[in-house]
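1. everything below, folded, please.
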Amino acid sequence: MKNFIPKILYLVFPIALLLVLPSVSLGAVGPCSEHDLTGYAWSSNIGWISFGCESGASIDYGVDWDFSSGNLTGYAWSSSVGWISMNPGSTPSTSVTFNNTGDSLVGWARACSVFASGCSGSLRPNSERGDWDGWLKFSGDKFDVTLDSTTKEFNGYAWGDLNLGWVSMNGSNYTVDFNAYTVTTGVGDGDGSVDIDPPGETCDDGDGSCLYHFPKSSLIETTLKANPDQFYGFVKWQNTCPGATNTNTTNPCTFDVDENYVLYAIFKDVEIVTLDIISKDTEIQGTQADLHGEVTIYNELDTEVFFRYGSYDSETGGSAPPSTCSSSTGSMSDTEKFTVTPGEGTVTEDFEIQVEELDQNRDFWYCAVARQKQGTNTETKYGNVISGQGYKTRVKPGFENF
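-> Sure thing, here's the model as predicted:
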């Protein structure tokens, strides 16, 4: 439960006894560097707890986040009890861990001053500690520490029993901040999902926006992969995929998280909206015809255009061109296919294909075919049949809409 405020007074160690506990030197000498947690927490028993050095300080210390394990590392500092380790690595159980999907801190920290030497090993005699074990717990049945992903501020209370008591992460004039980068992703349009690895999560179209944190203390490479649902195709990312060679259509999208990024996937139906073809010119030499024309297409996914063709006998009336184009009519010029890439609105491209093995004594026909493929999903449209009069006459120009 957030911001649970205790109503019971607990036993507090006399401050004189706290002062005799040793101060362990754990900060590094040198200018303060950037850490993943910053700011101050407050205990009414011992006062301020600093989670990181301030810019310009001569001692470098702070709390960082190990992305691979989720554990917090490093030390916070209290002028009353000294260093507090976020990764004590001993009973009762775990170190303090940041839950990337739940936006909360769980586990235990421990004051180093309870140890006889350093921040591990044997404890000081109980006569010096007064039963104090130094533990600070970050979640329980009636308290927790959670992250506000918008402000990147931690809220709530940790509990330290003797001496530490309740430790507040956020107040009117103080806060513990998460100094991390974020990657926000999701589905901006259409149906699909986005995988992000690390941390190995999936953001579905029903999830809205999904936000993931990455440490500033170490450079992490992540990959976003857009996965269209059935009958949909990936069009682009709403923003350009980061990286020198990446574009807004790069999928999967791999990049270093060195700032905050927002990348929503745009999906569209596998559909060819319009396709117009103009036959401009036909040149016939022997059994070969060179077809020149123009294709105008409105599509939101890459579309493959190819042609089917055949011959017929118009002189004797023995045969005629097919009335419609289909997968079963004529031969397919699969080697002459080309791809039309979507643009802003309609895209017009010239085409030039060769049709071979024609019978010089027969006329020929051809039709355009457009096809989109996304995984196992395919959309195909067939154009009207354009017929010619053999090698003697050029094919008449005309607009064919389908």
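
2. report pLDDT for Thr150.
-> pLDDT, the model's per-residue confidence, is 87 for Thr150.

3. can you offset everything so residue one is 47?
-> Okay, residue one is now 47; in that scheme the one you just asked about reads as Thr196.

4. tally of neighbours for it?
-> 7 (other CB atoms under 10 Å). All C-beta atoms are positioned from the backbone trio N, CA, C, and that covers glycine.

5. one more: Glu100?
-> By other CB under 10 Å, neighbour count at Glu100 equals 10.

6. do you know how far it is from Phe200?
-> The gap separating Glu100 from Phe200 is 18 Å, by CB to CB, to the nearest Å.

7. now the helices for this structure?
-> 61-65, 172-175, 207-210 (DSSP state H).

8. got any ranges where the stretch 247-396 of the chain has weak pLDDT?
-> Within the stretch 247-396 of the chain, the ranges that satisfy pLDDT under 70 run 317-321, 323-328, 330-333, 345, 361-364, 379-382, 389-391.

9. tell me where it has strands.
-> Taking DSSP state E, counting those that start in this stretch as the criterion, the stretch 247-396 of the chain contains strands spanning 247-250, 256-261, 267-274, 278-283, 299-302, 307-315, 318-331, 334-345, 349-358, 377-378, 384-386, 393-401.

10. counting by contacts, list what the last one packs against.
-> Secondary structure elements in contact with strand 393-401, counted by 3 or more CB pairs under 8 Å, 6 or more residues apart in numbering; DSSP states H and E, are strand 334-345, strand 349-358, strand 384-386.

11. okay, angle between the second one and strand 393-401 too, please.
-> In this structure, strand 349-358 runs at an angle of 40 degrees to strand 393-401, with axes from the mean of the first three to the mean of the last three CA atoms, to 10 degrees as the basis.

12. lowest-confidence stretch among the helices of the chain?
-> The bottom spot among those, by mean pLDDT, belongs to helix 61-65, with a mean of 37.

13. Trp154 and Asp207, how far apart?
-> With CB to CB as the criterion, Trp154 and Asp207 are 11 Å apart.

14. now do Ile92
-> 12 Å.

15. of those two, who's got more company?
-> Ile92 (21 against 16).

16. could you verify my assumption that that one touches Leu210?
-> Yes. Between Ile92 and Leu210 there is a contact under CB atoms under 8 Å: 6.3 Å.

17. okay, and the common contacts of these two?
-> Val127 (CB atoms under 8 Å, 6 or more residues apart in numbering).

18. shared neighbours of Trp154 and Asp207, anything?
-> Joint contacts of Trp154 and Asp207 (CB under 8 Å, 6+ apart) are Trp181.

19. list the buried ones in stretch 386-396?
-> The neighbour-count criterion (16 or more other CB atoms under 10 Å) identifies Val386, Pro388 as the buried residues of stretch 386-396.

20. quick one: residues in contact with that stretch.
-> 281, 320, 338-351, 384, 416.

21. what sits against Cys99?
-> Gly73, Cys78, His81, Ile105, Asp106, Tyr107, Gly108.

22. what stretches of the stretch 47-196 of the chain score poorly on pLDDT?
-> Those would be 47-76, 136-139, if you go by pLDDT under 70 across the stretch 47-196 of the chain.

23. what about Asp149, distance to Cys256?
-> For Asp149, the distance to Cys256 - CB to CB - is 12 Å.

24. who has more neighbours out of these two?
-> Higher neighbour count among Asp149 and Cys256: Cys256, with 19 against 15, using other CB under 10 Å.

25. check contacts around that one.
-> Here Cys256 is in contact with Thr230, Thr231, Gly232, Val240, Ile242, Glu247, Cys249 (CB under 8 Å, 6+ apart).

26. of those residues, closest to Arg175?
-> Glu247 (42.6 Å; CB to CB).

27. thought that closest one was touching Tyr258?
-> Yes. Using CB under 8 Å, Glu247 is in contact with Tyr258, at 7.0 Å.

28. for the two, indicate the residue with more neighbours.
-> Set Glu247 next to Tyr258 and count neighbours by other CB under 10 Å: Tyr258 wins out with 21 against 15.

29. list the residues that contact that one.
-> By CB under 8 Å, 6+ apart, the neighbours of Tyr258 are Asn146, Thr228, Val229, Thr230, Thr231, Ile242, Pro245, Glu247, Thr268.

30. how far away is it from Tyr310?
-> Distance from Tyr258 to Tyr310, counting by CB to CB: 14 Å.

31. shared neighbours, the two?
-> If you check Tyr258 and Tyr310 against CB under 8 Å, 6+ apart, the residues they both contact are Thr231.

32. got a list of what the closest residue to Cys99 other than its chain neighbours touches?
-> The shortest distance from Cys99 to any non-neighbouring residue, by CB to CB, 6 or more residues apart in numbering, is to Cys78 (3.8 Å). Counting by CB under 8 Å, 6+ apart, Cys78 makes contact with Gly98, Cys99, Glu100, Ser101, Gly102, Ala103, Ile105, Asp106, Gly108.

33. this completes my enquiry, with thanks.
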